[in-house]
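Quick one, structure for this:
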Amino acid sequence: MTTGYSSKFIQTMEALDGTQLGVRLGQLCIQNDIPVKDVSELLKISRVTVYNWFTGKTKVRGSLREKVEKIIQKLEPDA
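Prediction:
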């Protein structure tokens, strides 16, 4: 289990459908122990935005969509 995410947050993420881009990113970040802070710094966005993506509250939009897709490709176990 990762140390960067609370067990409650991990349980919430495991229950979500990973078809949304942001949710899938969140699930992969948890699996790979990548902190929200790192994602937010890489994409130059707020941590709140990243958490909202992870939980499916908001969708990844605009120019960030392509960047997130590339991150997911690198993190996917099948890649």
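
Touching, Q20 and K59? I think so.
Yes: the pair formed by Q20 and K59 meets the contact definition of Cβ atoms under 8 Å, at 6.6 Å. C-betas here are computed from N, CA, C, even on glycine.

ok, those two, which is more surrounded?
Ranked by neighbour count (other Cβ atoms under 10 Å), Q20 and K59 place Q20 first, with 17 against 12.

list the contacts for the closest residue to the more buried one other than its chain neighbours?
Excluding the flanking residues, the one nearest Q20 by Cβ to Cβ, 6 or more residues apart in numbering is G56, at 5.2 Å. Going by Cβ atoms under 8 Å, 6 or more residues apart in numbering, G56 touches L16, Q20, G22, V23.

if we go to 10 Å?
T12, M13, L16, D17, G18, T19, Q20, L21, G22, V23, G26 (Cβ atoms under 10 Å, 6 or more residues apart in numbering).

Same check on Y51?
Going by Cβ under 10 Å, 6+ apart, Y51 touches F9, G22, G26, V36, V39, S40, K57, T58.

contacts for stretch 58-71?
Under Cβ under 10 Å, 6+ apart, the answer for stretch 58-71 is 20-25, 28-29, 34, 39, 42-45, 48-53, 72.

which of the residues in that stretch are buried?
V60, L64, V68, I71 (16 or more other Cβ atoms under 10 Å).

So which of those belong to helices?
Using DSSP state H, the members of those that fall in helices are L64, V68, I71.

ok, and the closest non-adjacent residue to the residue positioned nearest the centre of the chain?
Computing the C-alpha centroid of the chain and ranking residues by Cα atoms, centre = their mean puts G26 first, at 2.4 Å. Leaving aside its sequence neighbours, G26 sits nearest to F54 (Cβ to Cβ, 6+ apart; 2.9 Å).
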